[in-house]
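# one predicted model, sequence on top.
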Amino acid sequence: MLSSTRAFTELLDARNFSYRDLGPTSSGRDTLSVGIGGKNMSGVTIRFFFDTDCHGASLRVFDILKFTDEQRPKILETINKLNQDYRFVKFCAQDDDNTVQMEMDLIFRDNDVAEICEEAMVRAYQICDDAYPTLMKARWS
């Protein structure tokens, strides 16, 4: 396990957060999955991909919402608006499976890995949960 991943899992353990170690990717990036119960979403599952140099990570929330080809224009318009309204994250429409995902990238140093990852996790959760009703409204309007 990479030192950055270990620092974050130690914080998660200390705070009694449940997570799953998904193992390394083919490029050697450690992956973790953290699930948090939502207010608007039934739950938010945040995936962490830790860089092999131990100085960065990517967060992803996959499959926030599924949409049809007919709903795509309204979803894209809504995603553009959300990307203007929220800092730190970007929402994307995936062409291959017609889903919306959230993306966030982090940089850190050896001494602040855990705190930065925790703050990013909380922000990612809050933003996704807050944006979900707006995305649902776009899907059905």
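Now that the structure is in, tell me what you want to look at. Everything quoted here is computed from the prediction, not taken from an experiment. Numbering: from 1, shown residues only.

# ranges for the strands of the chain?
Shown for the chain, the strands assigned by DSSP state E span residues 19-24, 30-36, 44-50, 56-66, 90-94, 99-107.

# figure out which of these is closest to Ala131.
Closest to Ala131 of the strands of the chain is strand 90-94 (CB to CB; 7.0 Å). Every C-beta, even on glycine, is put in place using the N, C-alpha and C of the backbone.

# what strands flank the closest one, and is each parallel or antiparallel?
strand 99-107 (antiparallel) (DSSP bridges).

# who's in contact with the strand it pairs with?
Strand 99-107 has contacts (CB atoms under 8 Å, 6 or more residues apart in numbering) with 55-67, 75, 79, 88-94, 116-117, 120, 123-124, 127-128, 131, 135.

# on that earlier part again, I'd like the strands of the chain as TSV, with distance to Ser4, mean neighbour count and mean pLDDT appended.
Compiled in TSV, the strands of the chain are given as follows (distance: least, CB to CB, whole Å; neighbours: other CB atoms under 10 Å; pLDDT from 0 to 100):
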stretch	distance to Ser4	mean neighbour count	mean pLDDT
strand 19-24	13	13	95
strand 30-36	8	19	95
strand 44-50	5	22	96
strand 56-66	7	18	96
strand 90-94	22	16	96
strand 99-107	10	18	96
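
# perfect, I'm done here.
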